[in-house]
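Peer 1: Pasting the sequence and the predicted model now:
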Amino acid sequence: MRILAIGDLVGEKGLDMVKEKLPSLIEERNIDFVVVNAENVAGGMGITTKDFNILEKLPVDVITMGNHTWGKKDIFSFIDNPKLIRPANYSKGIPGKGYGIYQCKDKKIAVINLIGRTDMNVLSENPFNVVEQLVGQLKNEVDIIVVDFHAEATAEKIAMKHFLDGKVTVIFGTHTHVQTADEEITKNGSAYITDIGMTGPKNSVIGMDVQVSIKRFVTSLPEKYKLAEGENMLNGCIFTINDATNKAENIERVRV
């Protein structure tokens, strides 16, 4: 089993990159299952009905979200679509689901979306407590568990790696938009990377216009962000899972 996770789609450019590159990636890399984080796809904040409909028609199995889940009110019209999940540790009683169970080949794959609490400015429950409960619930129902941890602090993500080591198959980080070089198979057999990076404008400050971003940092004035133009990139990770043991056996960063 080969699972491809694609990092935060930023604006229309990120969506265009997925439309252009995903089919060939799937064919050339023998991908079986695709997870895409799309919480920044609508102009850098949220997801619209149009964006969702495009992604749904592509060979994407799961769409994960993050701190901008509610950035566009459109989401309430498709939040219950089984392909879409939002952070499981959002407050109880809100719309949508924090995980999904999907069939791929002869395997059942659970994908869990979590959001961090360090420097995120989002009210949420403790992700460690929530994921522990979910993993306990899912471990006898599925063959593979994949976790997208949408978090700012590298320390919080690395702590989650140790917390879930051997309890889930894959743990990958999203949100910072910068691909890290710390991919590993942990001692107890989980695949881990702190952040898989972003998909969108390459010559940018995490997807945003360079000059606008510099002005904000230099002057401390609330200059309105705008998406960058120019060449685009696609970042992600491929996780190879042993079909006999359901353990991760390889992890490879992708940068197109």
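Peer 2: Arrived safely, thanks for sending.

Peer 1: got the contact list for residue 83?
Peer 2: If you count contacts by C-beta atoms under 8 Å, 6 or more residues apart in numbering, residue 83 has them with 55-56, 60-63, 100. Just so you know, the C-beta spots here come from the backbone N, C-alpha and C atoms, and that holds for glycine as well.

Peer 1: since we're on residue 87, how many residues are nearby?
Peer 2: Residues lying near residue 87 (other C-beta atoms under 10 Å) number 30.

Peer 1: circling back: for the contacts of residue 83, which ChimeraX command selects only the ones that are buried?
Peer 2: This is how ChimeraX selects the buried members of the contacts of residue 83, with burial counted by 16 or more other C-beta atoms under 10 Å:
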select :55,60,61,62,63,100
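
Peer 1: Which other helices and strands does the helix or strand containing residue 156 contact?
Peer 2: Following DSSP states H and E, one finds residue 156 within helix 154-164. Judged by 3 or more C-beta pairs under 8 Å, 6 or more residues apart in numbering; DSSP states H and E, the packing partners of helix 154-164 are helix 127-138, strand 144-150, strand 170-174.

Peer 1: Report the inter-axis angle for it versus strand 144-150.
Peer 2: 160 degrees (axes from the mean of the first three to the mean of the last three C-alpha atoms, to 10 degrees).

Peer 1: buried set for helix 154-164?
Peer 2: 156-157, 159-161, 164.

Peer 1: Out of those, which is nearest to residue 209?
Peer 2: For those, the closest approach to residue 209 (C-beta to C-beta) belongs to residue 157, at 27.4 Å.

Peer 1: Spatially, and excluding backbone neighbours, which residue is closest to the closest one.
Peer 2: Nearest in space to residue 157, with sequence neighbours left out and distances taken as C-beta to C-beta, 6 or more residues apart in numbering, is residue 173 at 4.5 Å.

Peer 1: And residue 82, by the same measure?
Peer 2: residue 100 is the one closest to residue 82 (C-beta to C-beta, 6+ apart), at 5.8 Å.

Peer 1: show me the contacts for that neighbour.
Peer 2: When contacts are counted by C-beta under 8 Å, 6+ apart, residue 100 is found next to 62, 82-83, 85, 110-111.

Peer 1: same deal with residue 14?
Peer 2: So residue 14 contacts 8, 40-41, 198-200, 207, 232 (C-beta under 8 Å, 6+ apart).

Peer 1: re earlier: helix, strand or coil: sort out the residue nearest to residue 82 for me.
Peer 2: strand (DSSP: H, G, I helix; E, B strand; the rest coil).

Peer 1: Of the helices and strands packed on helix 154-164, flag the one that's most buried.
Peer 2: strand 170-174 (a mean of 28; mean count of other C-beta atoms under 10 Å).

Peer 1: Can you give the strand pairings for that strand, parallel or anti for each?
Peer 2: Using DSSP bridges, the strands paired with strand 170-174 are strand 144-150 (parallel), strand 191-193 (parallel).

Peer 1: counting contacts, what elements does whichever helix or strand comes after it pack onto?
Peer 2: Counting by DSSP H and E, the next helix or strand C-terminal to strand 170-174 is strand 184-185. Strand 184-185 sits against strand 191-193, strand 248-255, with contacts defined as 3+ C-beta pairs under 8 Å, 6+ apart.

Peer 1: Which residue ranges of the stretch 1-150 of the chain form strands?
Peer 2: 2-6, 33-37, 62-64, 84-85, 99-104, 107-115, 144-150 (DSSP state E, counting those that start in this stretch).

Peer 1: closest to residue 15 out of those strands?
Peer 2: Nearest of these to residue 15, taken as C-beta to C-beta: strand 33-37 at 9.7 Å.

Peer 1: Can you give the strand pairings for the closest one, parallel or anti for each?
Peer 2: According to DSSP bridges, strand 33-37 forms sheet pairs with strand 2-6 (parallel), strand 62-64 (parallel).
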